[in-house]
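Undergrad: A predicted structure for the sequence below; I have some questions about it.
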Amino acid sequence: MSASLMVQKRVAAALAGVAGVTGVYDGPPVDAVPPYLVIGSDLVTDWSTKTEVGHEHRLAINVWDAGPGTAAAKAVMGAVAARLATLGGMQDGHRIVSALLLRQLVLTDAEGWTQGIVEFRVRTVAD
């Protein structure tokens, strides 16, 4: 299994317990009831050393809510950040060595949707 897929599986498992969301999706869901989470874009780059094969993963978790204001989305974003900050473990030959919050962004549109974006950097090494 690729390191990227391992990270995605670990992220999905960590986010499954976030209170207040109706689901965690791998891509935009059809007819999902908000608020929900989408494991969004990711970028994987080499993070190898002389002795270890490693990868740096930059990933986005999207929080979607249809309620007025941004407070509910920000509460979910906080829960997402707390869950991912403790991300770790080993699976299928890859080990997570660090997870760091990079930034959070909240956007609203004229139709009343709120999108929260939580961006993380996760570093892995092959074991």
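TA: Cool, the structure landed. Predicted model only: the values in this text are computed from it and were never measured.

Undergrad: residue most distant from the centroid, the protein?
TA: What lies farthest from the middle of the chain is K50; by Cα atoms, centre = their mean that is 29.0 Å.

Undergrad: report pLDDT for it.
TA: Looking at K50, its pLDDT is 97.

Undergrad: from Q115, how far out is it?
TA: Distance of K50 to Q115, given as Cβ to Cβ, to the nearest Å: 41 Å. In this view, the C-beta of every residue, glycine as well, is placed from N, C-alpha and C.

Undergrad: phi and psi next, for the residue farthest from the centre of the chain.
TA: Phi and psi for K50, reported as degrees, to the nearest 10, are phi -70, psi -30.

Undergrad: what's the single longest helix in the chain?
TA: helix 71-85 (DSSP state H).

Undergrad: how far does it sit from its chain's centre?
TA: 10 Å (Cα atoms, centre = their mean, to the nearest Å).

Undergrad: quick one: the helices in this structure?
TA: 3-15, 71-85.

Undergrad: what are the buried residues along the shortest one?
TA: The neighbour-count criterion (16 or more other Cβ atoms under 10 Å) identifies 3-4, 6-8, 10-11, 14-15 as the buried residues of helix 3-15.
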